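# build the 3D model from these lines:
(one chain, ligands or ions: 2)
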Amino acid sequence: MSALSSQPAVIAFDLDGTLVDTAPDLLDTLDIVLDEAGAPRLPREETRKMIGAGAKALVNRGLTAAGINVDPPAFDRLYERFLQHYADHIADSSRPFPGLVEALDVLAERGHVLAVCTNKLEYLSRLLLDQLGLTDRFAVIAGSDTFPVSKPDAGHLIGTIERAGGSAHRAIMVGDSMTDVLTGKNARVPVIVVPFGYTDTPAEELGGDVLIDHYDLLPGTVERLLGRG
Ligand SMILES: O=C(O)COP(=O)(O)O
Ligand SMILES: [Mg+2]
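Numbers count the residues shown, from 1 in each chain. Ligands and ions are numbered 1, 2, ... in the order given. Now for the predicted structure:
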């Protein structure tokens with residue numbers, strides 16, 4: 001085995017729409033904020049696609065789609081309300097996607113290092129993973145505010161991988177959106193795409209390296225991409 005292949009690989013996961021189906025709690029919170037802004041609620045098919053660039057973008061996109069213009073202080077109050085309500089309800093309905101926990105077990109048994117690279121704020125990411133009992137599985141949990149840059153900037157993913165003790169030459173990103181695919185390309189890290197997340201571009205058109213439709217396929221796909229399978 002070469003020195004390179006004996007280095008543990010870092011598998012970095014996006015969170016919303018990849019590890020955990022967070023849409024119900026995120027979108028219930030968006031509804032509350034729209035109510036408070038006096039805006040009409042929006043269809044779930046529409047708001048689901050607004051997830052992926054963080055909570056501030058979700059509130060912004062929701063208000064814009066509802067045709068509501070607010071001044072910056074009013075926006076800040078609505079955003080604070082979003083964060084507070086969401087934190088209080090973060091795991092009411094949000095659950096890991098089917099087969100995730102089993103796949104993480106297999107990857108960890110094989111000696112891979114697991115990390116989270118998400119555009120969710122770090123404290124919300126930790127709160128969610130704590131409540132789902134998943135925190136200890138990840139060597140690093142890097143949110144949108146952990147580093148000076150965030151996805152799709154390569155620095156977010158490279159920072160996550162390096163903090164996990166690895167290198168971009170032996171790492172894989174797993175994600176659900178164009179942001180994740182662009183991040184992987186920017187960092188020169190292969191991307192496995194899952195189709196059950198939140199994206200307005202069909203998963204097969206995102207341009208990832210491999211598409212898997214169930215977590216059962218993840219361990220084998222990881223080995224293949226790492227050049228062992
Ligand atoms: O909460 C969001 O909008 C983004 O989160 P993700 O990067 O984990 O998809
Ligand atoms: Mg996502």
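# got the contact list for the residue nearest to F147 when sequence neighbours are not counted?
In this structure, F147 finds its nearest non-sequential neighbour in G159, 4.5 Å apart by C-beta to C-beta, 6 or more residues apart in numbering. Where you see a C-beta, it was placed from the backbone N, CA and C, and this is true even at glycine. By C-beta atoms under 8 Å, 6 or more residues apart in numbering, G159 lies in contact with A142, T146, F147.
# which of those lies closest to ligand 2?
A142 (13.8 Å; C-beta to the ion).
# dump the residue contacts of the closest residue in space to that closest one that isn't next to it in sequence.
Distances taken as C-beta to C-beta, 6+ apart place T160 nearest to A142, at 4.2 Å, with adjacent residues excluded. Going by C-beta under 8 Å, 6+ apart, T160 touches V10, A12, A115, V116, C117, V140, A142, T146.
# rerun that using 7 Å as the cut-off
By C-beta atoms under 7 Å, 6 or more residues apart in numbering, the contact list for T160 reads A12, A115, C117, V140, A142.
# from memory the fourth one sits against L114, does it?
No. With contact defined as C-beta atoms under 7 Å, V140 does not reach L114; the gap is 8.7 Å.
# where do the helices sit along this structure?
Ranges of helices in the chain, per DSSP state H, are 3-6, 23-36, 44-48, 55-65, 72-88, 100-109, 122-131, 154-163, 178-187, 218-225.
# quick one: mean pLDDT for the first one?
Helix 3-6 shows a mean pLDDT of 55.
# pLDDT-wise, which helix or strand of the protein ranks last?
In the chain, no helix or strand scores lower on mean pLDDT, DSSP states H and E than helix 3-6, which sits at a mean of 55.
# flag every residue of the chain that's near ligand 1.
D14, L15, D16, G17, I51, G52, A53, G54, L58, T118, N119, K120 (C-beta under 6 Å from any ligand atom).
# swap in 8 Å and give it another go.
By C-beta under 8 Å from any ligand atom, the residues of the chain that approach ligand 1 are 14-19, 22, 26, 50-55, 57-58, 116-120, 125, 144, 151, 175-177, 179-180, 197-198.
# the residues you listed in strands, which ones?
V116, C117, G175 (DSSP state E).
# count of neighbours near G62?
25 (other C-beta atoms under 10 Å).
# against ligand 2, how distant is it?
17 Å (C-beta to the ion, to the nearest Å).
# so what's the residue nearest to that residue when sequence neighbours are not counted up against?
Distances taken as C-beta to C-beta, 6+ apart place L30 nearest to G62, at 4.9 Å, with adjacent residues excluded. Shown in contact with L30 (C-beta under 7 Å, 6+ apart): T47, L58, G62.
# rerun that using 10 Å as the cut-off
23, 41-42, 44, 47, 50-51, 55, 58-59, 61-63, 66, 82, 85-86 (C-beta atoms under 10 Å, 6 or more residues apart in numbering).
# what subset of the residues you listed is buried?
Neighbour counting by 16 or more other C-beta atoms under 10 Å classes 23, 42, 47, 50-51, 55, 58-59, 61-63, 66, 82, 85-86 among the contacts of L30 as buried.
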